[in-house]
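1. Dropping the sequence and predicted coords here.
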Amino acid sequence: MTATEGRVRYGDGSNLRTLNLGMIGVGVGGTEMLPPMDAMDELNVMACADPNPVTRGFFSERYPESHVYETAEEMCADPDVEVVWISSPNRFHAEHAITAAKHGKHIVVEKPMALSMQQAEEMVEAAEKAGVYLLAGHTRSFTLPIRTMRKVIQSGEVGALRSMTLLAYTDWMLRPRTADEQDVSQGGGMVYRQGPHQIDTVRVLGGGMLRSVRAYAGQWMPERPIPGYYTAFLEFEDGTPVTITHNGYGYFMGSEMVLWGHPNQRYTPEERVEVRRQMRDRTRDEEQDKQDIRIGGSKERTVFRPAHSDRVAWVPEDLGLVIVSCERGDLKHSANGVYVYNDEGQREIDLTPDRFMGGAGQRRAELEEIYDAIVFNKPLWHDGRWGMATLEVVLAIIESARERKEVRLTHQKALPDDYDAEFTL
């Protein structure tokens with residue numbers, strides 16, 4: 001398999017089959033995943049559970065043959081559903097995963113996996129007891145550039161890994177938020193919601209075994225009672241240092257850090273000014289703004305299904321710009337793949353020919369991983385215990401920022417040596 005191929009494109013195809021998928025929670029996060037689900041012929045999106053009748057109605061229109069339910073329990077009892085994608089509010093992740101496991105369904109749970117280590121342990125135990133797969137998904141660690149960077153590191157071309165820096169500047173705090181998203185006790189805020197993207201990525205690149213965390217979190221916007229900034233120094237067991245930073249307040253944009261970039265993300269500069277004004281004046285209708293980008297909303301297509309999105313050049317977004325330093329060179333994102341800087345100069349690994357950098361193709365990897373595990377009995381790399389290790393770092397950032405101290409980690413999981421073995425450059 002080459003860097004431009006998907007994981008499912010191997011073998012003689014004799015044992016390919018369609019996997020029936022049900023989604024718990026079709027909010028903004030769930031809506032974002034529908035294009036890659038639709039783009040994967042091996043998946044049949046055939047059920048959803050959501051308490052919002054408007055959402056259920058739009059889901060039925062989009063998928064006329066689907067089964068729609070008001071509760072997760074009802075959907076998980078559907079004998080036709082084989083795998084469940086959990087994109088419900090964060091406080092329900094553990095409950096819904098355990099419910100799915102008890103009904104014998106395989107599970108993909110969005111980030112954050114859970115709100116506590118106890119919840120994560122209960123999810124893992126429920127999946128193991130039921131004999132089902134549990135995948136911790138929806139992080140940028142699955143994307144082709146990150147997988148490619150790891151392959152270059154493993155090849156020895158640029159020597160041993162020595163440090164990593166991840167910088168993200170986004171408009172995340174300006175996006176519409178429900179009440180639970182503005183409550184840290186329910187998993188709200190930048191660290192819970194966005195930390196897993198960067199944490200999962202550095203754990204994949206560095207082998208998984210982080211040792212400690214020292215962090216700071218900033219809550220700077222009166223209109224948002226949640227942290228909108230964090231920075232953390234992470235150290236691996238072998239001493240490799242990592243710095244991760246995310247500023248979601250939407251002034252300077254990370255997409256401006258690259259030569260081919262622009263000042264836009266979810267909003268243009270002019271739109272960000274207006275959003276801030278409405279938030280200050282308390283005139284913003286956030287529930288309507290939220291509904292507009294859910295399934296069937298007036299802005300769903302422009303936000304999550306833009307025309308020709310598969311051919312858009314990559315720019316730093318929620319993951320940020322990743323810079324990897326090794327003994328004999330550096331790696332970072334390019335517009336079309338990955339730049340490699342070494343003693344011979346600079347070269348680009350172009351990832352666009354078959355799997356473009358933007359659009360639905362870049363979000364399929366976790367779907368392919370759960371599919372391959374169920375259908376082909378392939379390894380599930382990002383399993384529940386891997387997700388629990390990432391959650392431990394999220395919680396350590398919160399604790400370290402609160403207590404102003406270094407936090408040692410005790411539940412880390414090493415990345416197997418044969419991780420992503422079928423993905424080659």
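-> Arrived safely. Given the structure is predicted, the values throughout are model-derived calculations rather than measurements.

2. For the rest of this, base every contact and every neighbour count on C-alpha atoms.
-> Will do.

3. After the one helix or strand in the chain whose mean pLDDT sits lowest, which helix or strand is next?
-> Sorting the helices and strands of the chain by mean pLDDT, DSSP states H and E puts helix 300-304 at the bottom, at a mean of 88. Proceeding N to C from helix 300-304, the next assigned helix or strand is strand 321-326, under DSSP states H and E.

4. Can you tell me the strand partners of that next one and which way each runs?
-> Applying DSSP bridges, strand 321-326 is found paired with strand 161-169 (antiparallel), strand 329-333 (antiparallel).

5. closest to Val394 out of the ones you listed?
-> The closest of those to Val394 is strand 161-169. By Cα to Cα, the value is 15.4 Å.

6. how about the strands in the stretch 1-150 of the chain?
-> Secondary structure of the stretch 1-150 of the chain (DSSP state E, counting those that start in this stretch): strands located at 19-24, 43-49, 67-69, 83-86, 106-109, 134-136.

7. Could you export those as CSV, including mean pLDDT?
-> Output for those, formatted as CSV (pLDDT from 0 to 100):
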stretch, mean pLDDT
strand 19-24, 98
strand 43-49, 97
strand 67-69, 98
strand 83-86, 98
strand 106-109, 98
strand 134-136, 98
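
8. Please produce JSON lines containing the ones you listed, extended by mean neighbour count.
-> Below are the strands of the stretch 1-150 of the chain laid out as JSON lines (neighbours: other Cα atoms under 10 Å):
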{"stretch": "strand 19-24", "mean neighbour count": "24"}
{"stretch": "strand 43-49", "mean neighbour count": "22"}
{"stretch": "strand 67-69", "mean neighbour count": "20"}
{"stretch": "strand 83-86", "mean neighbour count": "28"}
{"stretch": "strand 106-109", "mean neighbour count": "26"}
{"stretch": "strand 134-136", "mean neighbour count": "28"}
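
9. Tell me, how many residues neighbour Leu409?
-> 16 (other Cα atoms under 10 Å).

10. How about Glu61?
-> Per other Cα under 10 Å, the neighbour tally for Glu61 reads 12.

11. check contacts around it.
-> Contacts for Glu61 (Cα atoms under 8 Å, 6 or more residues apart in numbering) come out as none.

12. quick check: longest helix of the protein.
-> Longest helix in the chain by number of residues (criterion: DSSP state H): helix 384-403.

13. what packs against it?
-> Secondary-structure packing of helix 384-403 (3 or more Cα pairs under 8 Å, 6 or more residues apart in numbering; DSSP states H and E): helix 117-130, strand 134-136, helix 190-206, strand 210-218, strand 407-408.

14. try 10 Å this time
-> strand 106-109, helix 117-130, strand 134-136, helix 190-206, strand 210-218, strand 229-236, strand 407-408 (3 or more Cα pairs under 10 Å, 6 or more residues apart in numbering; DSSP states H and E).

15. buried stuff in the host helix or strand of Ile370?
-> Per DSSP H and E, Ile370 falls inside helix 365-376. The neighbour-count check on helix 365-376 (16 or more other Cα atoms under 10 Å) flags Ala365, Glu366, Leu367, Glu368, Glu369, Ile370, Tyr371, Asp372, Ala373, Ile374 as buried.

16. For those residues, which two are the farthest from each other?
-> So, those by Cα to Cα: farthest apart are Ala365 and Ile374, at 14.3 Å.

17. So Val158 sits against Asp330, correct?
-> Yes - using Cα atoms under 10 Å, Val158 is in contact with Asp330, at 7.2 Å.

18. so what sits against both of those two?
-> Both Val158 and Asp330 are contacted by Val340, Tyr341, Asn342, under the criterion Cα atoms under 10 Å, 6 or more residues apart in numbering.

19. For the second one, give me the pLDDT.
-> In other words, Tyr341. Listed pLDDT for Tyr341 reads 98.

20. you'd agree it is in a strand?
-> Yes - under DSSP: H, G, I helix; E, B strand; the rest coil, Tyr341 falls within a strand.

21. Next up, the contacts around it.
-> The neighbours of Tyr341, taking Cα under 10 Å, 6+ apart as the test, are Val158, Ser325, Cys326, Arg328, Gly329, Asp330, Leu331, Lys332, Arg347, Glu348.

22. which of those count as buried?
-> Buried by 16+ other Cα under 10 Å: Val158, Ser325, Cys326, Gly329, Asp330, Leu331, Lys332, Glu348, out of the contacts of Tyr341.

23. any idea which helix or strand carries the first one?
-> Using DSSP H and E, Val158 is not contained in any helix or strand.

24. Please tell me how far it sits from Met257.
-> 24 Å (Cα to Cα, to the nearest Å).

25. The fifth one too?
-> As for Asp330, its distance to Met257 is 17 Å (criterion: Cα to Cα).

26. Equivalent analysis for Thr55, please.
-> In terms of Cα to Cα, Thr55 sits 37 Å off from Met257.

27. Have a look at those two and say which one is more surrounded.
-> Thr55 (22 against 18).

28. picking that back up, Val242 is nearest to which of the strands of the stretch 1-150 of the chain?
-> Closest approach to Val242 among the strands of the stretch 1-150 of the chain (Cα to Cα): strand 134-136, 22.1 Å.

29. Single out the most deeply packed of the helices and strands packed on helix 384-403.
-> Each of those was scored by mean neighbour count; the highest is strand 134-136, a mean of 28, by mean count of other Cα atoms under 10 Å.

30. so how far is that one off the chain centroid?
-> For strand 134-136, the distance from its own C-alpha centre to the chain's C-alpha centre is 12 Å (Cα atoms, centre = their mean, to the nearest Å).

31. for it, packing partners?
-> Judged by 3+ Cα pairs under 10 Å, 6+ apart, strand 134-136 is in contact with strand 83-86, helix 93-102, strand 106-109, helix 117-130, helix 365-376, helix 384-403.

32. what's in contact with that strand?
-> Strand 134-136 is contacted by residues 83-86, 97, 100-101, 105-114, 123-124, 126-128, 200, 366-367, 369-370, 373, 380-388, 390-391 when judged by Cα under 10 Å, 6+ apart.

33. now with 6 Å?
-> Contacting residues not belonging to strand 134-136 are listed as Ile107, Val108, Val109, His382, Asp383, Gly384, Gly387 [Cα atoms under 6 Å, 6 or more residues apart in numbering].

34. which one of these sits closest to Gln154?
-> Each of those was checked against Gln154 using Cα to Cα; the closest is His382, at 18.7 Å.
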